[in-house]
Each structure stands twice: as structure tokens, then as C-alpha cells.
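Enquirer: Structure, please.
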Amino acid sequence: MKNLECKYFNICGGCKLLNVDYEKQLKQKQQQVEDALAEFNITAKVDKTVGMFYPYKYRNKVHLAIRDVKGKAQVGFFEENSNKIVDVDSCLLHDVWVKKLINIVRDYITKFKVSPYNKRKNEGTLKYVVARCLSDEIMVTMVVTNHAFAGREWFYEELTKNYKNVSFYVNVNTRTDNAVFDEKGFSHKGGFKKLRGEMLGVKFELSPNSFFQINTQITEKIYKRIFESLNLNDRSVVLDLYSGIGITSLIFAKNGAKVVSIESVPEAVNDAKNLIKLNKCENKITPLLGKCENLINRINYKKLYKENGVVSVFLDPPRIGAQVSVLEEINKLNPYKLVYLSCNPKTLARDLKVLTDYGFKLESVTPFDMFPHTNHVETLVVLSK
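Expert: Predicted structure coming up:
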């Protein structure tokens, strides 16, 4: 596939591989996983990278930075490893909804003379506009340094003219670090409060700061592969580690399993509890708040085996991978299946070395291209004893 050209390619750095043929990108990511495994002396067949038919316009979320540069407002993305702004009017990785949003932001700044943020002087009002769009429903958060700014009603009205359904928030963030949001600074200003969607039969609702994968198409492929690998039935129990807002837990429950989930972020667990009620799975999922390494050894495995008989584990840790103590407890559990989803091939390989030393066998290793035209790759590994 011949890649499209971007006029910001040489300065943005957001999609480093845009000048590399897409089929070659997929092979490079497969090789990236193979090299990581080889570094830890793990012998395994790595499947071809699962890619996209059309690897553009896939991102469902955008962070637009707004900065004052020599008295002029710039709207766009940070250059890689820099605080400089690439002033953009569109992006190949986002659909037309982002182009419309950028135009609204620019018109808003001009019409109401809103001052863009100047990080060096710590002055100005408007810092970011963050948005996520699913099926033409959009959630937009305006990040500002104070409440005293004009035109928010106009901004909301413009959103309603351009999108089917709108959720509008303001986040007051006076922090001087690189944090986009102040977690305590959200206030709802218009439209619905949650961004609604459905994936593989699971209804979900997202808050402005909820984590959700940015590539819906590839995420669905990954999640479908996960529950197919677990061979779920009404006697299955799944331990869902690093479970986030609980979409995987709900997919498991909808396919017959009972689920115990562990997540350390309170807001994510609150979202998970709401989604459990929304999907009527209160009797199938037990969501636990805390770190996996602190909670996994408190679960009554004997009771799970006695009542159900088939226990499996799914883990999706952050880039740093899983703690050794978590892997030790998984080994003691002796699961029917172990499925590991990773965003970092090196920490994945490190953890797989521990697991294979415990006696786990690799059934499959499959890279997925969650982020086309970048160096990042997601890898799904299925193991069993």
C-alpha cells in the first residue's frame, strides 16, 4: 500500500513511519517482537502482524495544545520530545471530525480574543482542547487556567452544529507541569455526561479522563481473539488483572464466565462498577480496587476451583510490565489459560522468560498494529501449562 503524504511529516514526528510502505511496517513490527523474545532466549513462532485495511483516520481521541508563540495562537501537536507546537489544520491519523474541531477552536480564539497559554511565563487562559469521537458522538473538554473566560456558550453551540451528539466539559488546570488535566478540576457544561458506545455486545460509557484504546477497529480484533483463546463457558472463571474500566471483564462475563478484576485507579474502578450495572452483570463480576501485587494473593483460589473448576488469567499491564510477585501468584494458580496483552515487547519478553521458566508454554504470539505509522506495537500472547 502506498502511504499518503503529510505536509507536517518532517516537523511533527507523530507518525515516524509514514514514509515506510505499510506492508513493510507490519513486517518491522513482527521483527521487533521476534528480536525482543530472542534477547531473552525465548524460542517462539511470531505470527504476522495484524494490521488495518486502511491505516488512516483511526484515532478516536485528540489532544490539541494551544500556545501563545510571539503573540500568535498556535493550535496543534507537540513536536516529539519538545514543548514546541506544530500548528496544524488536520491530521491523517484522525478523521474529518478533528479538522472541524480545529476550525471551531481557531474561530473561538479569534472571536472572543481568548489568550492562549504561555508556558514560559505561565500566563494565558486556554491550554488544551481534548476530545474523543465515537460514531459522530463527541466529548470535548476545554482545559483552562481559570473560570473567567468568555464564549463557552458559543463554543458549545458550535459543537452541536457540527456533531450529532455532544458532551462538553471544562477542566480548570493551574498546574505548571505537563499534566493535561487536573483530576479535581472537571465541570460539566453541556450535553450528555458520558460518551456512549458498544463493543462486542458490551455497552460502555466514558468520562473525560477514562482510558480507552484509541484504535477501535484493532481493539475489537484483539478482544475477540482474547475471549476466543480462553474457550469460555458457564463453568469458567477469569482473573482480569490491570482491568481498567472493565470492558474485557464484561466481554468475559457476557460469554459465560465469572470474573474477578483488579485495577489500581479509583476512577477506573468506579467506571467499571457503573458499566457492570449498565450491562446487568452484577452477579458475574467482582471488581477490586488496589494494586495487583497487593491483592492477587488474597483471592480464594480453592473456592474458585471448587465452585467452578476452570480458572484462567488475563493480564494487560502498563509499559513496565508485571511485577515478579504477580507472576509468582499466577504460577501458583496454575490457570487453564493465561493470556497476556502487552504494549512493550521488551518487558513482555522479560515476563515471558519468567513464565516459561515456571513451565508455561507459548501457544501463540501475535502482534497487532494498534498505532499504524508509529513504532508502537501491541502483542497478544496465549500460554498454558
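Enquirer: And the contacts of stretch 194-202?
Expert: Residues outside stretch 194-202 that contact it (CB atoms under 8 Å, 6 or more residues apart in numbering) are 132, 134-135, 137-139, 167, 203-207, 216, 219-220, 223-224, 227, 247, 250-251, 254, 275, 279. In short, each C-beta sits where N, CA and C put it, glycine included.
Enquirer: Correction: the previous question concerned stretch 163-175.
Expert: Taking CB under 8 Å, 6+ apart as the criterion, the residues outside stretch 163-175 that touch it are 97, 100, 127, 133, 135-147, 152, 155-156, 159-160, 179-182, 185-195, 208.
Enquirer: are any of those residues buried, and which?
Expert: Using 16 or more other CB atoms under 10 Å as the burial test, these include 97, 100, 127, 133, 137-145, 152, 155-156, 159, 181, 185-186, 189-191, 194-195, 208 as buried.
Enquirer: returning to that earlier point: which of the contacts of stretch 194-202 fall within strands?
Expert: By the criterion of DSSP state E, membership of the contacts of stretch 194-202 in strands covers 132, 134, 137, 138, 139, 167, 203, 204, 205, 206.
Enquirer: Which residues does the last one form beta bridges with?
Expert: Beta bridges link residue 206 to residue 195, judged by DSSP bridges.
Enquirer: residues near it, how many?
Expert: By other CB atoms under 10 Å, 20 other residues sit near residue 206.
Enquirer: In this structure it contacts residue 141, no?
Expert: No - applying CB atoms under 8 Å, one finds residue 206 not in contact with residue 141, separated by 11.6 Å.
Enquirer: Low-confidence regions, this protein specifically.
Expert: Under the criterion of pLDDT under 70, the regions of the chain flagged as low confidence span 1-2, 301-309.
Enquirer: So what are the structural domains in it, by residue number?
Expert: 61-199, 213-384 (automatic domain parsing).
Enquirer: Arrange those domains in JSON lines, one row each, with distance to residue 27 as further columns.
Expert: Conversion of those to JSON lines gives the following (distance: least, CB to CB, whole Å):
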{"stretch": "domain 61-199", "distance to residue 27": "21"}
{"stretch": "domain 213-384", "distance to residue 27": "10"}
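Enquirer: highest average neighbour count across those domains?
Expert: Each of these was scored by mean neighbour count; the highest is domain 213-384, a mean of 19, by mean count of other CB atoms under 10 Å.
Enquirer: where do the helices sit along this structure?
Expert: 9-12, 22-39, 96-112, 152-162, 216-230, 247-254, 266-278, 292-295, 301-307, 324-333, 345-357 (DSSP state H).
Enquirer: Including distance to residue 59, could those go into CSV?
Expert: Rendered in CSV, the data for these read as follows (distance: least, CB to CB, whole Å):
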stretch, distance to residue 59
helix 9-12, 14
helix 22-39, 16
helix 96-112, 8
helix 152-162, 18
helix 216-230, 10
helix 247-254, 18
helix 266-278, 21
helix 292-295, 29
helix 301-307, 39
helix 324-333, 31
helix 345-357, 22
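Enquirer: Tell me which of the ones you listed lies nearest to residue 66.
Expert: When the helices of the chain are compared by CB to CB, helix 96-112 sits nearest residue 66, at 7.0 Å.
Enquirer: between the closest one and helix 152-162, how big is the angle?
Expert: Angular relation of helix 96-112 and helix 152-162 on a 0 to 180 degree scale: 150 degrees, by axes from the mean of the first three to the mean of the last three CA atoms, to 10 degrees.
Enquirer: And the contacts of helix 96-112?
Expert: Counting contacts by CB under 8 Å, 6+ apart, the residues outside helix 96-112 that touch it are 62, 64, 66, 73, 75-76, 88-91, 114, 116, 126, 129, 131, 133, 136, 138, 140, 149-151, 154-155, 158-159, 162-163.
Enquirer: Would you mind listing the residues in contact with the residue nearest the centre of the chain?
Expert: In the chain, the C-alpha nearest the mean C-alpha coordinate belongs to residue 213, at 3.0 Å (CA atoms, centre = their mean). The contact partners of residue 213, taken as CB under 8 Å, 6+ apart, are 219, 370.
Enquirer: and of the helices of the chain, who's closest to residue 237?
Expert: Checked against CB to CB, the stretch from these lying closest is helix 301-307, at 5.0 Å.
Enquirer: Indicate which one of the domains of the chain is closest to residue 22.
Expert: Checking these against residue 22 by CB to CB gives domain 213-384 as the closest, at 7.0 Å.
Enquirer: how far is that closest one from where the chain is centred?
Expert: Average the C-alpha atoms of domain 213-384, do the same for its chain, and the two points are 15 Å apart (CA atoms, centre = their mean, to the nearest Å).
Enquirer: what do you get for stretch 156-163?
Expert: Between the centre of stretch 156-163 and the centre of its host chain there is 26 Å, according to CA atoms, centre = their mean.
Enquirer: related to what we said a few turns ago, quick one, which of the helices of the chain is nearest to residue 121?
Expert: Evaluated over these, closeness to residue 121 peaks at helix 96-112, with 17.8 Å, by CB to CB.
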